[in-house]
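**Student:** pasted the sequence and its predicted model underneath.
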Amino acid sequence: MRMSTAITTRLEQARGLDRPASLLRGLVGRVPEGRIRDIAHGVPIGHPVHPLLVQVPIGAWLSASVLDFVPGTGPASGVLITVGLGAALPAAAAGAIDWAQTHEQQQRVGLVHATANSAAVGLYAASLWARLRKRPIRGRLLALAGLTAVGAGGLLGGHLAYRQATGVNHAEQVPHVVGDGSRWHPIGLLSALPLGTPVRRFVGETPVLVVRGRDRVDVLADRCAHLSGPLSEGEVRDGRVTCPWHDSVFELRTGEVVHGPATAPQPVFETRVDGDELRVRLPGAG
């Protein structure tokens, strides 16, 4: 096993991180639900906003370290460090709100990720203070230490995103697995469906959420786009379904996200009834 993989695996299994993670979740939980949280999650843009926000501090700090080796650019480096410090707060806030609604293994890695980035903020703040006190060498060394901490945090951030699939669309594969919508798939008898109660059925091996209303039947991919929570075990009310795991809310008719942490919509199936047999297909068939 590679060293980096061994380290991240140990972090995923480090139960000693659960208590501080719980304390931090309590603090993050004070952020009111609704539009503020949805914006922080990235619901309006359709994907997490945290990866977008972190580009500013990382770019500013990396540029500052480059300029530290260019004669006569000391003031510019200080300006870039200041920009990075200012941009770090909203980036960290968005990341914390996303992090608080993840699985425990993701939270353990995320806690160390946040710790590394917090160390970077402290080191860059110390670097700026040293520069203001006319200690440029000390300021440059502290900036390099900060960049190292940012690199460690970025390594863990990559593990969270690509290895642990934090923030990705967990329903993206549904159209590729089910097919292009060229055929209708039988999923059971309409008369066997309870009125207004979510149930799980299958299109091949793909689970779908089925909700029978008085005048229509709504069918969505069952695994929540956020972290694959079973929507068929969630609450249905006012034409919406709430994921039982992290409380993402989706419109039954359109699959659109009403409230995060999910940012991607649920795939929605077209329906038709042949006799008493309910059939579904993905939109887009000829």
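**Tutor:** All right, it came through fine.

**Student:** please make it C-alpha for all contacts and neighbour counts, starting now.
**Tutor:** Noted.

**Student:** separation between the most centrally placed residue in the chain and residue 112?
**Tutor:** Nearest to the geometric centre of the chain sits residue 167, at 2.5 Å (Cα atoms, centre = their mean). In this view, residue 167 and residue 112 are 17 Å apart by Cα to Cα, to the nearest Å.

**Student:** next one: residue 233
**Tutor:** From residue 233 over to residue 112 (counting by Cα to Cα), the distance is 32 Å.

**Student:** the residue nearest to the centre of the chain sits in which helix or strand?
**Tutor:** Secondary structure from DSSP states H and E places residue 167 outside every helix and strand.

**Student:** so it touches residue 224, yeah?
**Tutor:** No. Using Cα atoms under 8 Å, residue 167 is not in contact with residue 224, being 11.9 Å away.

**Student:** which parts of this protein are helices?
**Tutor:** 3-12, 18-28, 35-41, 50-53, 55-67, 74-99, 104-132, 136-158, 174-178 (DSSP state H).

**Student:** okay, buried residues for the longest one please.
**Tutor:** Spelled out, it's helix 104-132. 104-114, 116-131 (16 or more other Cα atoms under 10 Å).

**Student:** same check on the last one?
**Tutor:** The neighbour-count check on helix 174-178 (16+ other Cα under 10 Å) flags 174-175, 178 as buried.

**Student:** tabulate these (a markdown table), appending distance to residue 13 and pLDDT.
**Tutor:** A markdown table is the format used below for the buried residues of helix 174-178 (distance: Cα to Cα, whole Å; pLDDT from 0 to 100):
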| residue | distance to residue 13 | pLDDT |
| --- | --- | --- |
| 174 | 30 | 92 |
| 175 | 34 | 89 |
| 178 | 35 | 86 |
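
**Student:** dump the residue contacts of residue 169.
**Tutor:** Neighbouring residues of residue 169 by Cα atoms under 8 Å, 6 or more residues apart in numbering: 225-227, 263-264.

**Student:** got CSV for those, with distance to residue 70 and pLDDT too?
**Tutor:** CSV is the format used below for those (distance: Cα to Cα, whole Å; pLDDT from 0 to 100):
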residue, distance to residue 70, pLDDT
225, 47, 96
226, 45, 96
227, 46, 94
263, 42, 96
264, 44, 95
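
**Student:** pick the one among those residues closest to residue 15.
**Tutor:** residue 227 (21.0 Å; Cα to Cα).

**Student:** residue contacts, that closest one?
**Tutor:** Counting by Cα under 8 Å, 6+ apart, residue 227 has contacts 102, 166, 169-170.

**Student:** residue contacts, residue 259?
**Tutor:** Contacts of residue 259 by Cα under 8 Å, 6+ apart are 34, 38, 43, 248-250.
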